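Asks: Build the 3D model from these lines:
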Amino acid sequence: ADLDAVAIQIAHGKLLNAGQTCIAPDYVLLPQGLEADFERAFAAAVARLFAEPVAEGAFDLLQGRWLRLEVSDLQLAWCLTREQRGLRMAARAPVDVCIRGNWREFVLLASRQEDPDTLFFRRRLVIEGDTELGLAMKNLIDSLDPDQLPPRLWRSLCRVGEVLREDLERQRPAAAGNAG
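Replies: Residues are numbered from 1 along each chain as shown. Here you go, the predicted model:
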């Protein structure tokens with residue numbers, strides 16, 4: 001098998017799957033002796049996914065600082081920092097800022113179906129810790145170019161976001177009617 005091709009597919013599935021953890025790979029079965037080769041291929045795949053924003057300095061604000069993204073309802077979290085070699089992810093780290101919310105809010109943010117400020121002002125996404133860093137990361141997430149994603153993935157993410165937005169719009173009139 002082509003480890004580079006497999007690694008990029010797994011990286012997309014693990015990191016850019018619109019909150020669909022049921023389809024995100026948690027482990028990889030490899031023939032004995034290919035572990036180190038796969039680790040290098042996976043690291044290269046992740047680096048390619050974010051190569052342009054990293055090269056442009058978009059993640060430099062994380063140099064020596066840690067961001068934690070927490071998907072509360074799925075009990076998932078990732079810590080992210082910027083090192084000289086590029087981005088580094090970890091399961092745990094001494095975080096400077098945490099952005100927390102449910103998977104729906106992260107999908108709405110990533111698919112650009114909901115204004116990011118609305119998500120934060122209504123406390124559907126929460127920033128804890130270094131607020132300045134958190135706001136800068138919120139703006140960075142919102143500014144990432146969707147054209148850098150694989151087209152099929154971006155279309156899928158947008159479709160999920162549209163469905164969630166439509167669901168929210170249907171719920172709002174019902175909630176307003178119950179308030180009176």
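
Asks: and A36, how many neighbours?
Replies: Residue neighbour count, defined by other C-beta atoms under 10 Å, stands at 8 for A36. Quick note: C-beta positions are derived from backbone N, CA and C, even for glycine.

Asks: What's the separation between it and L3?
Replies: Noted for A36: a distance of 11 Å to L3, by C-beta to C-beta, to the nearest Å.

Asks: can you pull out the helices in the protein?
Replies: For the chain, applying DSSP state H gives helices covering 3-15, 35-49, 51-55, 103-110, 116-121, 131-143, 151-179.

Asks: Out of those, which is the most enclosed?
Replies: helix 103-110 (a mean of 22; mean count of other C-beta atoms under 10 Å).

Asks: Below-threshold pLDDT in the chain: ranges please.
Replies: 1, 8, 10-27, 39, 42-47, 149-150, 153, 174-180 (pLDDT under 70).

Asks: And the helices of the chain: which comes nearest E70?
Replies: Of all the helices of the chain, the one in closest proximity to E70, counting by C-beta to C-beta, is helix 103-110 (9.6 Å).

Asks: Now do that closest one: distance to the chain's middle.
Replies: 9 Å (C-alpha atoms, centre = their mean, to the nearest Å).

Asks: what angle separates it from helix 131-143?
Replies: For helix 103-110 against helix 131-143, the angle by axes from the mean of the first three to the mean of the last three C-alpha atoms, to 10 degrees is 70 degrees.

Asks: for R88, what are its contacts?
Replies: Shown in contact with R88 (C-beta atoms under 8 Å, 6 or more residues apart in numbering): 80-82.

Asks: I'd like those as TSV, with distance to I99 and neighbour count appended.
Replies: Formatted as TSV, the contacts of R88 follow (distance: C-beta to C-beta, whole Å; neighbours: other C-beta atoms under 10 Å):
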residue	distance to I99	neighbour count
L80	10	19
T81	14	18
R82	16	20
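
Asks: Now intersect these with the strands, please.
Replies: In strands, judged by DSSP state E, the following of those are found: 80-82.

Asks: Looking at these, which is nearest E105?
Replies: L80 (18.0 Å).

Asks: Surely that closest one touches W66?
Replies: Yes - counting by C-beta atoms under 8 Å, L80 touches W66, with 7.0 Å between them.

Asks: who touches both of the two?
Replies: The contact sets of L80 and W66 overlap at A90 (C-beta under 8 Å, 6+ apart).

Asks: How many residues are close by G101?
Replies: With other C-beta under 10 Å as criterion, G101 counts 21.
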